[in-house]
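Student: Quick check, what structure comes out for this input:
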Amino acid sequence: MRILLTNDDGIHAPGLSVMEEIARQFSDDIWVCAPSEEQSGAGHSLTLNKPVRLQKHGERRFSVTGTPTDSVTLGLRTVMDGAPDLILSGVNHGANLADDITYSGTVSAAIEGALAGIRSIAFSQVSNREWQGNDSFATARAWGAKVLAPLLDTPLPLRTLINVNFPPLAPERVKGIRGVRQGFHDYSRGSVVEGRDPRGQKYYWFGLEAIEHTLDHGTDLEAIDEGYVSVTPLQLDLTHHASLANIAGRFPT
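Tutor: Predicted coordinates for the structure are as follows:
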């Protein structure tokens, strides 16, 4: 089995090394193509207004001066000498739960793989203040293969991907693995901090803040809160089919 690894934290991120440890339990044919620098929050963006450069760091190991989507695109079209059987993105340092996935470069790399018709899975390690003093990726390292193994031959429709999150608990405290749906936060996240640069011009810096949320039953948010690994299938068809007939009826032909 041939596997392509990527992430949004960058080629030198420790989570990428953990992802490689997990992948090597299933294959020796491992390729890496990841952003040269952190691209958190890049979403499913392509670099279109400047050239992208590719750097080789060793055998089957490359970095890209662009986004996670750029990395997957170059990995498939330029770096590899044949299509992979599997794309793994992560392990991200931080959660990619609920509507956060719309911002996530980690999940977007898997989206790009799914668009190419390749089985793609995103992995993220949830973190919090209590967990930051521990081995940040211990749980992902311990549970990664247990999650991945059943997903390798699980039937998935085209343009479908899997989003996995590990709870911020020691490996032995994790209760198990749940297949769950995507949840939603109660309100928008983040803050905007205003400042001035050395020339006196205003700038704005977007920040992240903790968000309260309702733990709807059967969601990724609930699973993580209750100490389970969450596994969520995502689809790329964003059409709200229940509304389609009503909208179509507003524009009779």
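Student: Tally up the residues packed near the residue lying closest to residue 202 once chain neighbours are set aside, please.
Tutor: Nearest residue to residue 202 in three dimensions, chain neighbours excluded: residue 196, at 5.9 Å (Cβ to Cβ, 6 or more residues apart in numbering). Heads up, the C-betas are built off the backbone N, CA and C, glycines and all. By the other Cβ atoms under 10 Å criterion, the neighbourhood of residue 196 contains 9 residues.
Student: and residue 196, how far is that from residue 204?
Tutor: Distance, residue 196 to residue 204, by Cβ to Cβ, to the nearest Å: 11 Å.
Student: unless I'm mixing things up, residue 182 is touching residue 222, no?
Tutor: No - using Cβ atoms under 8 Å, residue 182 is not in contact with residue 222; the gap is 11.3 Å.
Student: Can you tell me how far the residue nearest to residue 104 when sequence neighbours are not counted is from residue 117?
Tutor: Nearest non-adjacent residue to residue 104, counting by Cβ to Cβ, 6+ apart: residue 96, 4.5 Å away. Separation of residue 96 from residue 117 (Cβ to Cβ): 22 Å.
Student: what's the answer for residue 251, then?
Tutor: Counting by Cβ to Cβ, the gap from residue 251 to residue 117 is 33 Å.
Student: Those two: who's more crowded?
Tutor: residue 117 (10 against 6).
Student: Which residue, other than its chain neighbours, is closest to the more buried one?
Tutor: residue 158 (6.4 Å).
Student: Can you name every helix or strand that the helix or strand where residue 150 lies contacts?
Tutor: Assessed by DSSP states H and E, residue 150 sits inside helix 138-151. On a contact count with 3 or more Cβ pairs under 8 Å, 6 or more residues apart in numbering; DSSP states H and E, helix 138-151 meets helix 14-23, strand 86-93, strand 119-125, strand 160-166, strand 176-179, strand 228-235.
Student: Could you dump those into JSON lines with mean neighbour count and distance to residue 54 added?
Tutor: What follows is these, written out as JSON lines (neighbours: other Cβ atoms under 10 Å; distance: least, Cβ to Cβ, whole Å):
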{"stretch": "helix 14-23", "mean neighbour count": "20", "distance to residue 54": "17"}
{"stretch": "strand 86-93", "mean neighbour count": "28", "distance to residue 54": "18"}
{"stretch": "strand 119-125", "mean neighbour count": "27", "distance to residue 54": "21"}
{"stretch": "strand 160-166", "mean neighbour count": "26", "distance to residue 54": "24"}
{"stretch": "strand 176-179", "mean neighbour count": "15", "distance to residue 54": "36"}
{"stretch": "strand 228-235", "mean neighbour count": "21", "distance to residue 54": "28"}
